[in-house]
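S.K.: sequence? don't have it. structure:
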DNA sequence: ATCACATGTAATAATTATATTACATGTGAT
DNA sequence: ATCACATGTAATATAATTATTACATGTGAT
């Protein structure tokens, strides 16, 4: 049984879709799926720099596909561990059509993700 | 019953995910879901220029989420009609983990979508 | 011939996303 | 103090995406 919650607004869905739009981020999920890792460890496994990895992790975290927690290792160092969240994403044309209703035209002004309520 | 076929390789999945990573493209699917439209018509409805619309449509078509066909109107003009394809996209961590296996490290050389064999 | 409307694309500009480099901090061990 | 290893981020460079402008073509009607 899953306790996955769908994004609440268009911006949330866009973060999920964009989150998956880079091969390295899919790779990150693949690696983390085999077990949680701390940042430096992950950077070595993926053969990329930490700053770049942070950028990718930030996007995945904002899309709520991964999450992190701090932990003190035996040797006393603070480490940030990442893990893959439980999620199920289902996309069909009618679902996108429904989502599209919340996208205004023209598309200039970027919507504010914190203010998305329907009342005034 | 659906006759939807999943992408065959990583590049195909990336095209689908990237295809959904822009609000205008979700909007396009929303509009086309209500009925097929020809390009000029669609551009007016979406309040964007045709060249820009072509760019978005190209991405959606490459992701196989929409498709087009030419038709001669009553007045004799050739029009390109677009419609939404039937598709179902399901994404879960283990599915992404499986997909990730096909992503090589380091991530420099861009994979050729036509040459995806495993031997050397 | 000119207009209204359809097709398409090449060239460029503007904006975002991706990637790199350099720096700063903290811990425990030597 | 210096090393090895962990954290984080600011500043910058590079690459890719998105957006605009300009051009070219074709049809039927006036």
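M.R.: That came through, no problem. Note that the structure is a prediction, hence the values are computed from the model and not measured.
S.K.: What residues sit buried inside stretch A:59-76?
M.R.: For stretch A:59-76, burial by neighbour count (16 or more other Cβ atoms under 10 Å in any protein chain shown) applies to A:59, A:60, A:61, A:62, A:63, A:64, A:65, A:66. C-betas here are computed from N, CA, C, even on glycine.
S.K.: Among these, which are located in helices?
M.R.: Of the buried residues of stretch A:59-76, the ones assigned to helices by DSSP state H are A:59, A:60, A:61, A:62.
S.K.: surely residue A:91 meets residue B:19?
M.R.: No - the pair residue A:91 / residue B:19 is not scored as a contact, 10.4 Å apart, by Cβ atoms under 8 Å.
S.K.: Which residues of chain A lie near DNA strand D?
M.R.: A:38-41, A:50-51, A:54, A:70, A:77-80, A:107 (Cβ under 7 Å from any atom of the strand).
S.K.: Mind picking the two most distant members of the residues you listed?
M.R.: Taking Cβ to Cβ as the measure, the residues of chain A next to DNA strand D span a maximum distance of 46.3 Å, between A:77 and A:107.
S.K.: burial count for residue A:80?
M.R.: The number of residues packed near residue A:80 is 15, by other Cβ atoms under 10 Å in any protein chain shown.
S.K.: Which helix or strand contains the spatially closest residue to residue A:36 that is not a sequence neighbour?
M.R.: Using Cβ to Cβ, 6 or more residues apart in numbering or on different chains and skipping residues adjacent in sequence, the residue nearest residue A:36 is residue A:83, 4.2 Å away. Assigned by DSSP states H and E, residue A:83 belongs to strand A:78-84.
S.K.: Against which helices or strands is that strand packed?
M.R.: The contact analysis (3 or more Cβ pairs under 8 Å, 6 or more residues apart in numbering or on different chains; DSSP states H and E) places strand A:78-84 against helix A:23-33, strand A:37-38, helix A:39-46, strand A:66-72.
S.K.: Report the separation between residue A:93 and residue A:85.
M.R.: For residue A:93, the distance to residue A:85 equals 26 Å [Cβ to Cβ, to the nearest Å].
S.K.: Which of the two has more residues huddled nearby?
M.R.: Neighbours per residue, other Cβ under 10 Å: of residue A:93 and residue A:85, the larger number sits with residue A:93, 18 against 15.
S.K.: Test my guess that the more buried one contacts residue B:87.
M.R.: Yes - under the criterion of Cβ under 8 Å, residue A:93 makes contact with residue B:87 at 6.7 Å.
S.K.: Closest one to residue A:8 out of the buried residues of stretch A:59-76, please.
M.R.: For those, the nearest to residue A:8 is residue A:64 (10.8 Å; Cβ to Cβ).
S.K.: what's near enough to touch that closest one?
M.R.: Counting by Cβ atoms under 8 Å, 6 or more residues apart in numbering or on different chains, residue A:64 touches A:7, A:15, A:16, A:85, A:87.
S.K.: Could you do residue A:86 as well?
M.R.: With contact set as Cβ under 8 Å, 6+ apart, residue A:86 has these partners: A:2, A:3, A:4, B:93.
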